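Colleague: sequence first, then the predicted structure:
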2 protein chains.
Amino acid sequence: MASRAADIAYAEIRGLILSGEAPPGTRLKEEELASRCGVSRTPVRDALRRLEGELFVVRNGASRMFVADWQAEDLDELFALRGMIEAHAAARAALRIGPEALAELEAVNARLGEAVAGPTPDIATFLEANRRFHDLVIAAAESPRLPAVLALLVEQPIVRRTAQHYGREALERSAAEHAELVRALAARDPEWARGVMTGHIRRAYHAFVEASRVAPARAR
Amino acid sequence: MASRAADIAYAEIRGLILSGEAPPGTRLKEEELASRCGVSRTPVRDALRRLEGELFVVRNGASRMFVADWQAEDLDELFALRGMIEAHAAARAALRIGPEALAELEAVNARLGEAVAGPTPDIATFLEANRRFHDLVIAAAESPRLPAVLALLVEQPIVRRTAQHYGREALERSAAEHAELVRALAARDPEWARGVMTGHIRRAYHAFVEASRVAPARAR
DNA sequence: CGCTTCGTTCTTGTATACAGAGGGCAACGT
DNA sequence: ACGTTGCCCTCTGTATACAAGAACGAAGCG
């Protein structure tokens, strides 16, 4: 752990943004956040710098901080970049992954499969297992830049909204795609892995577009 | 300008790293840097957070900061990622660039061409114009994530070492490739632009490998 | 002679105090 | 009535003081 108070502040502010409690455009005042987290302004500033680097917050010319408006962004572009990078990671992982990592991937995906198997899918468990699965693939790619790059590209609110609009068959298909990716990795076939991941992200994109169409983003 | 002292510290420390004065693995002590920059520890900490986000510095488990060792990284991977993203940016720019941006690209590349035309190429001007050229392409792509993503991927020391090992014909070829990219953008042909940029980065990769072979990285 | 353990010291994390800059509001002039 | 200008106030940037944690060294024990 890097520190104590700074991490508390980071987690707290990040939570505020991801939970939607601080919607895009919200003004973030250091003192306010400091008192909310029960720490001083110094660790809050630290946290804001990190969040700024991750594009969770943006600063007005006069260095005033606001919650970034990711909804205004070009989602097609965001998914295209993410698909490209994650597909690359999958291809790279196919050439480097070891048996223990493969076993963990299978275990995580089994958990994911159980979460979506019942009559009422457990979305929270799905999201957690999904995140873990993708993180494991990234780790297996063994490229120190990849985690940092993807951190800029994967917006958890988008993943969440996408998953919440998945029907059970879509959730199961997601699990099946993960399973196929595991097979591709086990076969050490980079192009197979790349193809599966590309389709996986692309499907998520269309699911998100569908979700946005049904429930327009923050209708005004 | 975001601030005064924090930017001074950021530029100073970044300069230390990029100039090679602080080689990879160098321990970075806050107080030391503070006195060196003539500022307090607070803006130095700010600068270090930013540099950490950009992977210029890494922290030991106990949060001690060191200059990141980019030489130890998989350069093939670094160039592959950069090529993929910049090619994507070029393709996207082809669909969005306006006449004034095109004109500026031509002007910058003309400056670059002049810098490498003489009997003794002006590497400094080449590097500056090259950087500006690529930045303009990124800006023309109009994707808010791209600059941040590429900041993680483009290591100036690598660009510098690559350019310094370019012969004059290679420098001129670089200018020619830029010119072809401008043509592709003017034609609004994304795949042409993508192809040119892919080859451009790929050639830079091989030039860097060649440079590393001739002058092994910091021979011990 | 080597390993472990304790203490000192150096460095970073945190809090607070102060100053400067920018924005908002009001009042005045046109 | 609207624009402009000036003042005030809030917020951020910076500096400094203090505390806590970790690494290094020394000394004692096996």
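Modeller: Noted; the coordinates are in hand.
Colleague: how about the contacts made by A:Arg160?
Modeller: The neighbours of A:Arg160, taking CB atoms under 8 Å, 6 or more residues apart in numbering or on different chains as the test, are A:Leu127. In this view, the C-beta of every residue, glycine as well, is placed from N, C-alpha and C.
Colleague: tell me which element it falls in.
Modeller: Assigned by DSSP states H and E, A:Arg160 belongs to helix A:156-164.
Colleague: same question for that helix, mean pLDDT?
Modeller: Averaged across helix A:156-164, the pLDDT comes to 87.
Colleague: can you tell me the closest non-neighbouring residue to the closest residue to chain B within chain A?
Modeller: When scored by CB to the nearest CB, chain A has A:Gly53 as its residue closest to chain B, at 3.2 Å. With CB to CB, 6 or more residues apart in numbering or on different chains as the measure, B:Gly53 is the residue that lies nearest to A:Gly53, at 3.2 Å, once sequence neighbours are left out.
Colleague: count of neighbours near the residue of chain A closest to chain B?
Modeller: For A:Gly53, the count of nearby residues is 21 (other CB atoms under 10 Å in any protein chain shown).
Colleague: so who does A:Arg202 touch?
Modeller: A:Phe79, A:Gly83.
Colleague: mind redoing it with 10 Å?
Modeller: By CB atoms under 10 Å, 6 or more residues apart in numbering or on different chains, the contact set of A:Arg202 is A:Phe79, A:Ala80, A:Gly83, A:Ala87.
Colleague: hang on, the residue nearest to A:Gly53 packs against A:Asp46?
Modeller: No - counting by CB atoms under 10 Å, B:Gly53 sits too far from A:Asp46 to count as a contact (11.5 Å).
Colleague: now check the host helix or strand of A:Arg14, is it near DNA strand D?
Modeller: Secondary structure from DSSP H and E places A:Arg14 in helix A:5-18. No - taking CB under 7 Å from any atom of the strand as the criterion, helix A:5-18 and DNA strand D are apart, separated by no less than 10.7 Å.
Colleague: distance from the chain centre to that helix, please.
Modeller: Relative to its chain's centre, helix A:5-18 lies at 16 Å (CA atoms, centre = their mean, to the nearest Å).
Colleague: do it and DNA strand C meet?
Modeller: Yes - on the criterion CB under 7 Å from any atom of the strand, helix A:5-18 is in touch with DNA strand C at A:Ala5, A:Ala6.
Colleague: still on that earlier bit, between B:Gly53 and A:Asp46, what contacts are shared?
Modeller: Joint contacts of B:Gly53 and A:Asp46 (CB under 10 Å, 6+ apart) do not exist.
Colleague: so where's chain A uncertain?
Modeller: The model of chain A has pLDDT under 70 over residues A:1-3, A:214-220.
Colleague: for the helix or strand that contains A:Thr42, list the C-alpha coordinates in PDB.
Modeller: A:Thr42 is part of helix A:41-53, with elements assigned from DSSP H and E. The C-alpha coordinates for helix A:41-53 follow below in PDB (Å, rounded to 0.1, in the frame of the first residue of the first chain):
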ATOM      1  CA  ARG A  41      -6.200  18.600   1.800                       C
ATOM      2  CA  THR A  42      -2.700  17.200   1.100                       C
ATOM      3  CA  PRO A  43      -3.700  13.600   0.500                       C
ATOM      4  CA  VAL A  44      -6.800  14.800  -1.300                       C
ATOM      5  CA  ARG A  45      -4.600  16.700  -3.700                       C
ATOM      6  CA  ASP A  46      -2.600  13.600  -4.200                       C
ATOM      7  CA  ALA A  47      -5.700  11.600  -5.100                       C
ATOM      8  CA  LEU A  48      -7.000  14.300  -7.400                       C
ATOM      9  CA  ARG A  49      -3.600  14.200  -9.300                       C
ATOM     10  CA  ARG A  50      -4.000  10.500  -9.800                       C
ATOM     11  CA  LEU A  51      -7.600  10.700 -10.900                       C
ATOM     12  CA  GLU A  52      -6.600  13.500 -13.200                       C
ATOM     13  CA  GLY A  53      -4.000  11.300 -14.800                       C
END
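Colleague: ok, residues contacting the following helix or strand past that helix?
Modeller: Sequence order places strand A:57-59 as the next helix or strand after helix A:41-53, per DSSP H and E. Under the contact criterion CB under 10 Å, 6+ apart, strand A:57-59 has outside partners A:13-14, A:17, A:22, A:24-26, A:28, A:47-52, A:64-69, B:2, B:144.
Colleague: how about the residues of chain A near DNA strand C?
Modeller: Residues of chain A that fall close to DNA strand C, judged by CB under 7 Å from any atom of the strand: A:2-6, A:39-43, A:46, A:60-62, A:64.
Colleague: from the residues you listed, list the buried ones, please.
Modeller: By neighbour count, with 16 or more other CB atoms under 10 Å in any protein chain shown, the residues of chain A next to DNA strand C hold A:Ala5, A:Ala6, A:Val39, A:Pro43, A:Asp46 as buried.
Colleague: which pair in those residues spans the largest distance?
Modeller: The span of these, defined through CB to CB, is set by A:Val39 and A:Asp46 at 9.9 Å.
Colleague: any residues in contact with both of these two?
Modeller: The contact sets of A:Val39 and A:Asp46 overlap at A:Ala5, A:Ala6, A:Ala9 (CB under 10 Å, 6+ apart).
Colleague: ok, which of those also contact chain B?
Modeller: The residues of the shared contacts of A:Val39 and A:Asp46 that also fall near chain B, by CB under 10 Å from any CB of the partner chain, are A:Ala6.
Colleague: looking at the shared contacts of A:Val39 and A:Asp46, which is nearest B:Tyr205?
Modeller: A:Ala6 (37.9 Å).
Colleague: look up how far B:Leu152 lies from that closest one.
Modeller: A:Ala6 is 22 Å from B:Leu152, where distance means CB to CB, to the nearest Å.
Colleague: show me which residues of chain A are close to DNA strand D?
Modeller: Counting by CB under 7 Å from any atom of the strand, chain A sits next to DNA strand D at A:Leu28, A:Lys29, A:Glu30, A:Glu31, A:Arg41, A:Thr42, A:Arg45, A:Ser63, A:Arg64, A:Met65.
Colleague: just the ones in strands from those, please.
Modeller: Judged by DSSP state E, the residues of chain A next to DNA strand D include A:Leu28, A:Met65 as members of strands.
Colleague: surely A:Pro24 touches A:Leu55?
Modeller: No - counting by CB under 10 Å, A:Pro24 sits too far from A:Leu55 to count as a contact (11.8 Å).
Colleague: any common contacting residues for those two?
Modeller: Applying CB under 10 Å, 6+ apart, one finds that A:Pro24 and A:Leu55 are jointly contacted by A:Ala68, A:Trp70.
Colleague: how near is the residue of chain A positioned farthest from its centre to A:Glu52?
Modeller: Ranked by distance from the centre of chain A (CA atoms, centre = their mean), the top residue is A:Ala62, with 30.0 Å. Distance of A:Ala62 to A:Glu52, given as CB to CB: 15 Å.
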